[in-house]
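J.: Compute the structure for the input listed below.
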Amino acid sequence: MLTYNHLGDAELLDLLRSSDDAAFTAIYERYSLELINHVSKKFGNLQEAEDILHDVFDTLWVKREILEITNLPGFLYTSAKNKVQTRLLKDKSQNRYISFLEHYSIKVSNDTDHPIRVQQLMELIDKEIFALPPKMQEIFEMSRKLHLTHKEIAEALGISEQTVSRQISNAIIRIRPRLGIYILLLWLIKMK
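T.: The predicted structure is shown next:
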């Protein structure tokens, strides 16, 4: 039986390119603790850091056959840094959007049809969630409606935290574009 702990990064990458799960696990075990510490310093939020860590390793696995990595730690740290920057920009953008919505909701709070539009939006959101594949829907609802952590969901369903993270990310990727159109339409209707 081949042990991976003694292998160098280059050997592990060669095995990873041939879809060797044990090589991937060895890489994860070798670098995940350092990366999680590095990323959590940027956020101060362990859950966000874990999400980014899972994204980095998910990318490594998905693109294992096409990535040309000469420096594994450098690749992992650069990937983590890029994902942190992307997440911070997204959070900044979301904060501006939330501010806009809060300002907008104050302006329209006196409208008599506001509760109806809110109810319609909630129904659309539920419809989009219901359209997800069953397992993805279950995981997404446990995260967003029951407010469970990725670890709690993984333990409850007997799956890995990485799978939970991937399922939630995929759910958001599927839902976001559809809801963006609905929110825009509701806003345009209000402007008339």
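J.: Which residues are in contact with the most centrally placed residue in the chain?
T.: Centroid check for the chain by C-alpha atoms, centre = their mean gives residue 169 as the closest residue, at 3.9 Å. Counting by C-beta atoms under 8 Å, 6 or more residues apart in numbering, residue 169 touches residue 55. For the C-beta atoms, the positions are set from N, CA and C on the backbone; glycine is no exception.
J.: which SS state does it fall under?
T.: Following DSSP: H, G, I helix; E, B strand; the rest coil, residue 169 is assigned to helix.
J.: ok, residue 25 to residue 174 distance?
T.: In this view, residue 25 and residue 174 are 29 Å apart by C-beta to C-beta, to the nearest Å.
J.: Compare those two (neighbour count), which wins?
T.: Comparing residue 25 with residue 174 by other C-beta atoms under 10 Å, the one with more neighbours is residue 174, at 16 against 13.
J.: helix/strand/coil for the residue lying closest to that one once chain neighbours are set aside?
T.: Of all residues not flanking residue 174 in the chain, residue 132 sits nearest, at 6.4 Å (C-beta to C-beta, 6 or more residues apart in numbering). Using three-state DSSP, the structure places residue 132 in coil.
J.: Next one: residue 132 relative to residue 166, how far apart?
T.: Residue 132 is 13 Å from residue 166, where distance means C-beta to C-beta.
J.: Kindly report the same for residue 136.
T.: Remark: distance between residue 136 and residue 166 (C-beta to C-beta) = 9 Å.
J.: in this protein, which segments are predicted with low confidence?
T.: Counting by pLDDT under 70, the ranges of the chain that qualify are 1-2, 91-114, 180-192.
J.: What are the boundaries of the helices in it?
T.: 9-17, 21-43, 46-62, 72-108, 114-130, 134-144, 150-157, 161-191 (DSSP state H).
J.: Looking at these, spot the one closest to residue 3.
T.: Relative to residue 3, the nearest member of these by C-beta to C-beta is helix 21-43, separated by 8.9 Å.
J.: Does the closest one pack against any helices or strands, and if so which?
T.: helix 9-17, helix 46-62, helix 72-108 (3 or more C-beta pairs under 8 Å, 6 or more residues apart in numbering; DSSP states H and E).
J.: How about it, which residues are buried there?
T.: Neighbour counts using 16 or more other C-beta atoms under 10 Å place 23-24, 26-28, 30-32, 35-36, 38-40, 42-43 of helix 21-43 among the buried residues.
J.: same deal with stretch 160-168?
T.: Neighbour counts over stretch 160-168 (16+ other C-beta under 10 Å) mark 161-168 as buried.
J.: how is this protein carved up into domains?
T.: Structural domains annotated on the chain: 1-89, 102-192, as defined by automatic domain parsing.
J.: count of neighbours near the closest residue to residue 71 other than its chain neighbours?
T.: Nearest non-adjacent residue to residue 71, counting by C-beta to C-beta, 6+ apart: residue 9, 8.0 Å away. A count of nearby residues for residue 9, using other C-beta under 10 Å, gives 19.
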